[in-house]
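Participant: Got a predicted structure here, sequence first:
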Amino acid sequence: MDDNFYDEFGNYIGPAIESDQESEGEEEEAANDIDMDIQIVLAEDKKYYPTAEEVYGEDVETLVMDEDELPLEQPIIKPDENNKFEVGVKDSLTYVSTQFLIGLMSNPGLVRNVALVGHLQHGKMVFMDMLVEQTRHMITFDENSEKHVRYTDTRIGEQERRISIKAVPMSLVLEDSNSKSYLCNIMDTPGHVNFSDEMTAARRLADGAVLIVDAAEASTTTGNVPVIDPAAGNVCFASASAGWFSTLQSFAKLYVKLHGIPFDAEKFASRLWGDIYYHPDTRAFKRKPPAGGGELSFVEFVLEPLYNIYSQVIGEHRKSTESTLTELGVTLSNAAYKLNVRPLLRLACSTVFGSASGFTDMLVQHIPSPKDAAAKKVDHTYTGPKHSMIYKAIVDCDPSGPLMNSNRADFESTGRSYSPDDEEDMTVKVVTKLWIYQARYRILISSAPPGSWVLIEGVDASIMKTATLYNMDIDEEVADPVVSFCETVVESSSMKCFAEAPNKKNKITMIAEPLERGLAEAIENGVVSIDWSQRQLGDFFKTKYDWDLLAALSIWAFGPDKQGPNILLDDTLPTEVDKGLLGSLIFHMTEEHVMMMKSEQVAGYTGAAVVLQHARVVLLVCALGVKSVDSLIAVAKLASTSLGMPKLEFQWGAREGPLCDEPIRNVKFKIVDTRIASEPLLRGSGLIIPTAQRVAYSAFLMVTPRLMEPVYCVEIQTPIDCVSAIYMVLSRRRGHITADVPQPGTPAYIVKAFLPVIESFGFETDLRYHTQGQAFCLSVFNHWAMVPGDPLDKSIVLRPLEPAPIQHLAWEFMVKTRRRKILLLYNSVYCLNMHSHTHYISKMHRLKEP
C-alpha cells in the first residue's frame, strides 16, 4: 500500500492530480516572492547608483582616486595643451631686400605712417592682403576655397572668427606712378566698436589715416575732416574680391598709355568727376550734356570699362572678353581662360590696373612725412618746453638728437621714434631688442632712425597704456588717468566780502551767486558773446533771463576765457564809486617788458628768478602763477587791451578756484563797491591783483561752494537677457538710466544712461565681463553735474582702501585733487573759509550800517 495515498491521520486521499501540483507550485513561487520583498537589506549592501560599467560600458576603463591624492593645480585628466595662438612664418620673400627697406627708414622724407581705419567688415583686412601681394612673392587668395589669407590677422582666434581683434603694423615698400619707392608703415586696425582703443592707439602713432568704406553699405561718416574729392586725388577706388585699386589720376594715366597721345593726365583726371560730360563732336568736356544725350564723364571713362570687364568675364564669353581686354592693352594666355570666374576676374583686373601706384600717389600727396608732420604732432603730444633742444630735435627729426619715443603697451611695445625731471612715475629699463614688425614675422635691427615704427623688447612690463622713452638710461614716464572737476556755488551771498590792499589805499567789495539755469551752456555754445554791443547784451539778458537793464549793461567779462561759463558784473553805483577811476585800472606791463625778460633769462626760469629791476612784473607773475615766457606774452597782449586789472584777475582766477585749483563754473561775481587810490603809484598791479584775487575767493567760499564733475551719456547696445546685468553694473558706478527701448527690426535693446566720467574707467571691461561680451557701449560727454556732499566738511574721515560713501565724495575728490597737484590741504581753503571768516564778518556788519 502506497503511503502517499493517505494523510498523516490515516485518511485516504488518493493519488495526486496535475492541477493540484500546478497550484502547489504557484503557491511556493508566491511564497518565495513574498520572502524576497520582505527581506532586510543592510545599508552597505544596498545599491544606490549604477556601476561605472553600466554607465560608460564594458569597453571603457574607469579609475577611482581619492580627491586629495593630486594637488589642486594638477587636473585628474590632463588636457591637450596647445600654446600656439599666433600664425607666423620664419620669413617671407619680398621683392626688395631688407637692406633697401632699412635704407628708406633713414630718410624720413620717404616714409609715410598710416592708420587703416574703417567700420567692421568693410574690407580693411582684404585691402591689406592686396598690398601684401604687391610687395611679396605670394598669393593671398586661395582659388580652391575662394577665401583670403587675412595676412594681418596673426592670431588663431582672429582667423577662426574672421574678425580682427588687435592692431597690427606692417612696413611695406610701395612704388608710386614714377617708380619711386616709399616706405609705408601701415597699421591695420580692428573695426569692431569694442576694440576702438586699438584704433585710437594706432591713430596716435600715425601721421594720417586711410578710411575704408564699403560702397555697398556706405554708412561710414567722415565727420569734421577736410573735403573728400576724387578729383583732388584723396579717394581710391578698389575691389578686394577682384583684386584691383585705382584713382582718377591712375585711370587718366592708363588712357594716356593706351592711346599714346601726349595730353595732361592731371587735367583729364579733374574732368572725370562731377557733372561734366564729354562732347565727341568737339572733343571737349562741358557742364551740359550733348544734344543727343550722354553719360557723365565718370560713367563713360571709368565705370563702363569696368562694367565691360566684369560682364564679359562673368558671362564667360571668351571672344568678347579677349576683345575687351585687347582694347585695354592686355592679353591673357589660353590657360588663364580655363580658370574659374573669380580667379579669372582677379587676374584680368590686376593685369589691367597694374600695381598699387595710385594708392601710393595718394599717400605721398595727402599724408605728410614724419618730418613734415613732426611739428603738429609734437605740439599735440609733447608737454615739455618748446624752446628746449629736445623740442627742436624732435621737430627737425634730427637723428643725432636725444631719444624720445612714444609707446603703447603690448607683448612688445609698439613705438615711434622721435629725434624732463620728476622721478615719480618713472622707471629704468633696458631695451634688449628692436624689430621691424611685418605682421607674421619680424626683422631684427640694431637702431631705429627718427620717424620709424619699431617693436621694442624689454620695456613693456612697466607700460600700462602709453609711455615716453628717453635716454636717461631709457626711463619711462607713466601717468594715471585724470578727471577735471569744476567749482561752483549753490546759494547767493548773504554778506558782502571785501579785501584791502597792503597800503590800505585800495579796497574791493564783491559778492557771488549762481548763474541762471542754462546760462553757462548758452555762453559756452556761443549763443551770447562778450563781443556784442552793450545794447545787444542788454536785450539778450533782459529777454532771456529777466535781468534788469542796468545789470545787463554792467557786464565786464566772461571767464575764465572769452566764452567762459562765469560772469563778472560791475554792480557799483556812479553816486558811490568814481567810475572813471575804476576804469583806469589798466595794466602797464607791455610786451616789451616780457621780451626784455626773455632776452635776459635762460630757458625754464620761474617768476622768482627774474632780476630786481623787473620786480613789478615779478609780483604780477607770482600773483597769476605764470611760469613760462609764452604765458607772459599772452598776458601782456591781454593787458595791452582796454581790460582793467580786476577784469583780467577775474578771468585768471576763474581758471583756478580756491577749493582745488579747478576751473570755476556757473558763478556770477558782482563788484558792489571799490575804493581806488587816486595816485597811479598807489594802485599798481602788484597791489590790485592780489586784492582782487582774495576778495573773489572769499566771496566764493562764503556761498556754499560745491564741486561739479563731468558726466557721460552712455548708449549701450545689448540683447534683452543682458539688460539686468547692465542695470547692476551702472548702479554700482552711480549711473542713472534714462531709456531702455528695443531697437526696431533687431533683437537688440538700446540702454541709455548718464555715467560720471570718473566712474567710467574700467566700465567697458566690467560691462563685457558681466554680459559675456554681448554688450558694447559708446560714451559722449553730456553735461556737468553736482558731486554729492560738502567739499569743506572736514569731519569726514577717509579710510585707506575703502570706498567713500556717496555723501562723502565731494570731500574725497577735493582732498585727492589737492594731493595730486601738491597743494596743502589747509592752505587756501580753510585759511579763507574758517580762519578769515571772523575777520570778514566783523567788518561786514559795519558795511550794512547806514
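Facilitator: Looks like it came in fine. Numbering: from 1, shown residues only.
Participant: Surely Ser779 is in a helix?
Facilitator: No. Counting by DSSP: H, G, I helix; E, B strand; the rest coil, Ser779 is not found in a helix; it is strand.
Participant: Which residues are in contact with it?
Facilitator: The contact partners of Ser779, by Cβ atoms under 8 Å, 6 or more residues apart in numbering, come to Tyr712, Cys713, Val714, Glu715, Leu755, Ser760, Phe763. All C-beta spots, glycine's among them, are computed from the backbone N, C-alpha and C.
Participant: do the same with Arg442
Facilitator: Counting by Cβ under 8 Å, 6+ apart, Arg442 touches Trp435, Ile436, Leu455.
Participant: Same list (the residues you listed) but as TSV, adding pLDDT and neighbour count.
Facilitator: Below are the contacts of Arg442 laid out as TSV (pLDDT from 0 to 100; neighbours: other Cβ atoms under 10 Å):
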residue	pLDDT	neighbour count
Trp435	87	16
Ile436	89	23
Leu455	86	22
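Participant: Look up how far Val330 lies from Val313.
Facilitator: Computed as Cβ to Cβ, to the nearest Å, the Val313 to Val330 distance reads 12 Å.
Participant: Report the set of residues contacting both of the two.
Facilitator: Taking Cβ under 8 Å, 6+ apart as the contact rule, Val313 and Val330 both touch Ala348.
Participant: Distance of Leu798 relative to Lys816?
Facilitator: According to Cβ to Cβ, Leu798 and Lys816 sit 9 Å apart.
Participant: I misspoke; the intended subject was Glu295.
Facilitator: 67 Å.
Participant: same check, this time on Ser400
Facilitator: Distance of Ser400 to Lys816, given as Cβ to Cβ: 43 Å.
Participant: Compare the two (neighbour count), which wins?
Facilitator: Legend: neighbour count by other Cβ atoms under 10 Å for Ser400 and Lys816, higher for Lys816 (13 against 7).
Participant: Tell me which residues touch that one, please.
Facilitator: Residues in contact with Lys816 (Cβ under 8 Å, 6+ apart): none are found.
Participant: Let me know the helix or strand that it is in.
Facilitator: Element membership for Lys816 (DSSP states H and E) is helix 809-820.
Participant: Which residue would you name as the spatial centre of this protein?
Facilitator: The centre of the chain sits closest to Thr200, judged by Cα atoms, centre = their mean, with a distance of 4.9 Å.
Participant: Sort out which residues of the helix holding Lys816 are buried, please.
Facilitator: Residues Leu809, Ala810, Trp811, Glu812, Phe813, Met814, Val815, Thr817, Arg818 are the ones in helix 809-820 that count as buried (16 or more other Cβ atoms under 10 Å).
Participant: Check stretch 694-713 too.
Facilitator: 694-703, 705-712.
Participant: circling back to that earlier point, assign a three-state SS to the residue nearest to the centre of the chain, would you?
Facilitator: Counting by three-state DSSP, the backbone at Thr200 sits in helix.
Participant: Val313 and Val330: which is more packed in?
Facilitator: Taking other Cβ under 10 Å, Val313 and Val330 do not tie; Val313 has more neighbours (25 against 18).
Participant: I'd say the more buried one and Leu345 touch.
Facilitator: Yes. Counting by Cβ atoms under 8 Å, Val313 does reach Leu345; the two are 4.8 Å apart.
Participant: how many neighbours does Thr746 have?
Facilitator: Number of residues near Thr746 (other Cβ under 10 Å) recorded here: 10.
Participant: before we move on, what about the one 3 residues further on?
Facilitator: For Tyr749, the tally of surrounding residues (other Cβ under 10 Å) stands at 20.
Participant: And it, how far from Leu755?
Facilitator: 17 Å.
Participant: Sheet partners, orientation included, of the longest strand out of those in the chain?
Facilitator: When the chain is parsed with DSSP state E, its longest strand is strand 705-719. When pairing is defined by DSSP bridges, strand 705-719 lines up against strand 486-489 (antiparallel), strand 748-756 (antiparallel), strand 776-786 (antiparallel).
Participant: Show me which of those has the highest average neighbour count.
Facilitator: Stretch with highest mean neighbour count among the strands paired with strand 705-719: strand 486-489 (a mean of 24; mean count of other Cβ atoms under 10 Å).
Participant: Output that strand as CSV, restricted to C-alpha atoms.
Facilitator: Output of strand 486-489 as CSV, limited to C-alpha atoms (Å, rounded to 0.1, in the frame of the first residue of the first chain):
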residue,chain,number,x,y,z
CYS,A,486,34.7,122.4,-11.7
GLU,A,487,34.0,124.5,-8.7
THR,A,488,30.6,126.3,-8.3
VAL,A,489,28.2,127.7,-5.7
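Participant: neighbouring contacts of that strand?
Facilitator: Contact partners of strand 486-489, identified using Cβ under 8 Å, 6+ apart, comprise 512-514, 657-660, 662-667, 700, 703-709, 784, 786.
Participant: Kindly recompute the last result at 7 Å.
Facilitator: In this structure, residues lying in contact with strand 486-489 by Cβ atoms under 7 Å, 6 or more residues apart in numbering are 512-514, 657, 659, 662-667, 700, 703-708, 784.
Participant: How about stretch 49-59?
Facilitator: Residues outside stretch 49-59 that contact it (Cβ under 7 Å, 6+ apart): Thr62.
Participant: how long is that stretch end to end?
Facilitator: In stretch 49-59, first residue to last residue: 19 Å (Cα to Cα, to the nearest Å).
Participant: swap in stretch 551-561?
Facilitator: Using Cα to Cα, one end of stretch 551-561 lies 21 Å from the other.
Participant: Mind checking the pLDDT average for that stretch?
Facilitator: Stretch 551-561 shows a mean pLDDT of 83.
Participant: Now it: buried residues?
Facilitator: Applying 16+ other Cβ under 10 Å to stretch 551-561 flags Ala551, Ala552, Leu553, Ser554, Ile555, Trp556, Ala557, Phe558, Gly559, Pro560 as buried.
Participant: which residues touch that stretch?
Facilitator: For stretch 551-561, contacts defined as Cβ under 7 Å, 6+ apart pick out 523, 530, 534, 537-538, 541-542, 564, 566-571, 647, 650-651, 654-655, 663.
Participant: What's opposite the spatially closest residue to Pro747 that is not a sequence neighbour in the beta bridge?
Facilitator: The shortest distance from Pro747 to any non-neighbouring residue, by Cβ to Cβ, 6 or more residues apart in numbering, is to Pro719 (6.4 Å). Residues in a beta bridge with Pro719, per DSSP bridges, are Ala748.
Participant: check contacts around Pro719.
Facilitator: Contacts of Pro719 (Cβ under 7 Å, 6+ apart): Pro747, Ala748, Gln774.
Participant: What are the boundaries of the strands in the stretch 551-700 of the chain?
Facilitator: With strands called from DSSP state E, counting those that start in this stretch, the stretch 551-700 of the chain shows them at 555-559, 566-570, 667-675.
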